[in-house]
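1. Here's my sequence, what's the structure:
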Amino acid sequence: MLRAMIVDDEAPARSELRFLLEQTGKIGSIIEASSVRSAIEMLMEARVDVVFLDISMPGASGLQLAEALYKLKNPPAIVFVTAYSDHAVEAFDVDAVDYLMKPVEEARLDRAIEKVIARAKPAAAVEPAAAKPSNIERIPVEKGGRKVLIPVDQIRFIMAKDDYSCIFTDDDRFLSTTSLAQFESKLGEFGFFRVHRRYIVNLANVEDVETVPSGAIQLGVNGVDERIPVSRRRVVPLKKALNL
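-> Residues are numbered from 1 along each chain as shown. All right, here's what the predicted structure looks like:
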């Protein structure tokens, strides 16, 4: 179900369009704005999939709002709903999905919604791939000639050693042929952080951050005797990750 916004300075026009959208059965929620300014304020608080946008309004025009939204990294789809046909070319310059004329016909509105859904499908199609790392809750390693699965929350830190990565848990350590760069990519969303070219640390197990006389930073990790060095270029992002 799509989340929609209607932007029109005329209340009767918003009411009529809301009714038609609700009749389609494809819109899950609808918010309304009577001006570009109020639309921007609402969009700062709520995420929508599609904006049904009038063009001619007092103050800033619908085209100006569309131009601003077009510059966003992940903009909502734009469907213009207007009484004038002379802005169609400009509308598609901002990658509008459709351009509807008032009074809006039900069949024409339904086709516009289908276009919005079709455009959203490629993004939806990559969601499983983006969510795939969440399935990496255990790391497979070799131990004594057998495959061992280590829960990621048991890992304290990972250290590069020769051609291997050495995985340290609270009571054991394991060698893996997976590179530190690969671990960094796989475990980032689980709270692991590359603090040094040779070390990745589970931030949930960091107990303290120490500045040594040389000015360098070292980490104390729960269950680990040795101090973990932090490279100078990683200090700022690390402190940000730890909310320091």
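2. Tell me which residues touch the closest residue to Asp54 other than its chain neighbours, please.
-> Leaving aside its chain neighbours, Asp54 sits nearest to Asp8 (4.1 Å; criterion: C-beta to C-beta, 6 or more residues apart in numbering). C-beta: built from backbone N, CA, C; applies to glycine. Counting by C-beta atoms under 8 Å, 6 or more residues apart in numbering, Asp8 touches 14, 17, 32, 34, 52-54, 57, 81.
3. Give the full set of residues in contact with the residue positioned nearest the centre of the chain.
-> Nearest to the mean C-alpha position of the chain, by C-alpha atoms, centre = their mean, lies Asn74 at 9.1 Å. Counting by C-beta under 8 Å, 6+ apart, Asn74 makes contact with nothing.
4. State the three-state secondary structure for it.
-> coil (DSSP: H, G, I helix; E, B strand; the rest coil).
5. Look up how far Ala120 lies from it.
-> Note on Asn74: its distance to Ala120, by C-beta to C-beta, to the nearest Å, is 11 Å.
6. swap in Tyr99?
-> 19 Å.
7. More neighbours: which of those two?
-> The neighbour comparison of Tyr99 against Ala120 (other C-beta atoms under 10 Å) goes to Tyr99, with 19 against 16.
8. Report the secondary structure state of that one.
-> Per three-state DSSP, Tyr99 ends up strand.
9. I'd guessed it sits against Phe80; true?
-> Yes. Counting by C-beta atoms under 8 Å, Tyr99 does reach Phe80; the two are 4.8 Å apart.
10. of the contacts of Asp8, closest to Pro229?
-> Taking C-beta to C-beta as the measure, Pro229 sits nearest to Leu53 out of these, at 53.8 Å.
11. Could you tell me which residues make contact with the nearest residue to that closest one once chain neighbours are set aside?
-> Nearest residue to Leu53, sequence neighbours excluded (C-beta to C-beta, 6+ apart): Gly62, at 4.4 Å. The neighbourhood of Gly62, defined by C-beta under 8 Å, 6+ apart, consists of 7, 36, 53-56, 80, 82.
12. now Gly62: how far from Ser35?
-> Plainly put, Gly62 is 10 Å away from Ser35 if you go by C-beta to C-beta.
13. again with Met44
-> According to C-beta to C-beta, Met44 and Ser35 sit 14 Å apart.
14. out of these two, which sits in the more crowded spot?
-> Between Met44 and Ser35, counted using other C-beta under 10 Å, Ser35 has the larger neighbour count: 16 against 7.
15. isn't that one right up against Leu53?
-> No. If you go by C-beta under 8 Å, Ser35 and Leu53 don't touch, sitting 11.5 Å apart.
16. shared neighbours, those two?
-> By C-beta under 8 Å, 6+ apart, the residues touching both Ser35 and Leu53 are Val7.
17. per-residue pLDDT, the residue nearest to Asp54?
-> For Asp8, the pLDDT comes out at 96.
18. What of Val230?
-> pLDDT, Val230: 89.
19. same deal with Val126?
-> pLDDT, Val126: 39.
20. by contact count, what packs against the longest helix along the chain?
-> Determined from DSSP state H, the single longest helix within the chain is helix 106-125. Under the contact criterion of 3 or more C-beta pairs under 8 Å, 6 or more residues apart in numbering; DSSP states H and E, helix 106-125 touches strand 2-7, helix 11-24, strand 77-82, strand 98-101.
21. helices or strands up against the last one?
-> It refers to strand 98-101. Here strand 98-101 touches strand 77-82, helix 88-93, helix 106-125, going by 3+ C-beta pairs under 8 Å, 6+ apart.
22. Return the member of the ones you listed having the minimum mean pLDDT.
-> The bottom spot among these, by mean pLDDT, belongs to helix 88-93, with a mean of 66.
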